[in-house]
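*Asks:* 3D, please:
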Amino acid sequence: MTANSERRPAVRSKCLVSAVTFVLALPAISAAQADPAVEVSAVPTPSCIAIVLPSVQGVDGSAGDVSGALRELLTSYLTGPSLRTIPLEARLLSQAVEEARQKGCDNILTATLTRKRSGGGALGRALGQAAGTAAWYVPGTTSASGVMARGAVIAGAQAVSTVASSTRAKDEMRLDYRFSTLDAAATARPVTLKAKAQSDGEDILTPLAEKAAEAIASAATKR
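*Replies:* Predicted structure coming up:
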């Protein structure tokens, strides 16, 4: 018997052990590849923006309804794969920061809308009516929470339409907002955006909200 013949059983034994080890490892490899947790962990967590109910100045009717409509408009632009928003109940900045922290949100947004009319009108009143009644005309809502959630979205869209229909040439709107991390909320500098209607029926609120949202989204996703 040759030396090569003597080594063949040992070689076969090693190959068999390697093959068995690989086969036994296949379930673990497949499980790791198919594990949803592995895939989910690779998806970045969306940046959270806590939105304080905006303040409004120079409007007729219910200021609370106008504020709600503006917050819904901002929320509609600040929602996406890399962004999420939460509404805050607290109105004082210190309390709003604490509420945002408790809800696990790292950023906060405050805003003030100021309207300067070129003539008479009932912008605020019309907005209040839109926000107050739209929920009752939303189809497919069976629960109180469903009516409120869907109604808020419709109210925001309806409010913007009402603003545009009541706008007159030379009407002016100014949106002041502060966006920052929670730790910098007290010292954040305001950003001011202005728009003036060039003709009757022009929507100047949506472009203001969109422009602000673009800057806010850019800043939030870079953090």
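
*Asks:* separation between D176 and E210?
*Replies:* 16 Å (CB to CB, to the nearest Å). The C-beta positions use only the backbone N, C-alpha and C, and glycine is treated the same way.

*Asks:* With neighbour numbers in mind, choose between these two.
*Replies:* D176 (18 against 13; other CB atoms under 10 Å).

*Asks:* Please identify the buried residues of the helix or strand hosting that one?
*Replies:* D176 belongs to strand 172-181 when assigned by DSSP states H and E. Buried residues in strand 172-181, defined by neighbour count with 16 or more other CB atoms under 10 Å: M173, R174, L175, D176, Y177, R178, F179, S180.

*Asks:* Partner strands of that strand, with direction?
*Replies:* strand 107-116 (antiparallel), strand 191-196 (antiparallel) (DSSP bridges).

*Asks:* quick one: buried residues of the first one?
*Replies:* Translated: strand 107-116. For strand 107-116, by 16+ other CB under 10 Å, it's N107, I108, L109, T110, A111, T112, L113, T114, R115.

*Asks:* which ones are touching the second one?
*Replies:* The neighbourhood of I108, defined by CB atoms under 8 Å, 6 or more residues apart in numbering, consists of 49-52, 88, 96-97, 100, 179-182, 185.

*Asks:* Buried by neighbour count, from the residues you listed: which ones?
*Replies:* Buried, going by 16+ other CB under 10 Å: I49, A50, I51, V52, L88, A96, V97, A100, F179, S180, L182, A185, out of the contacts of I108.

*Asks:* Please look at R223 and D183 and confirm they touch.
*Replies:* No - in terms of CB atoms under 8 Å, R223 does not count as a neighbour of D183; the distance is 11.9 Å.
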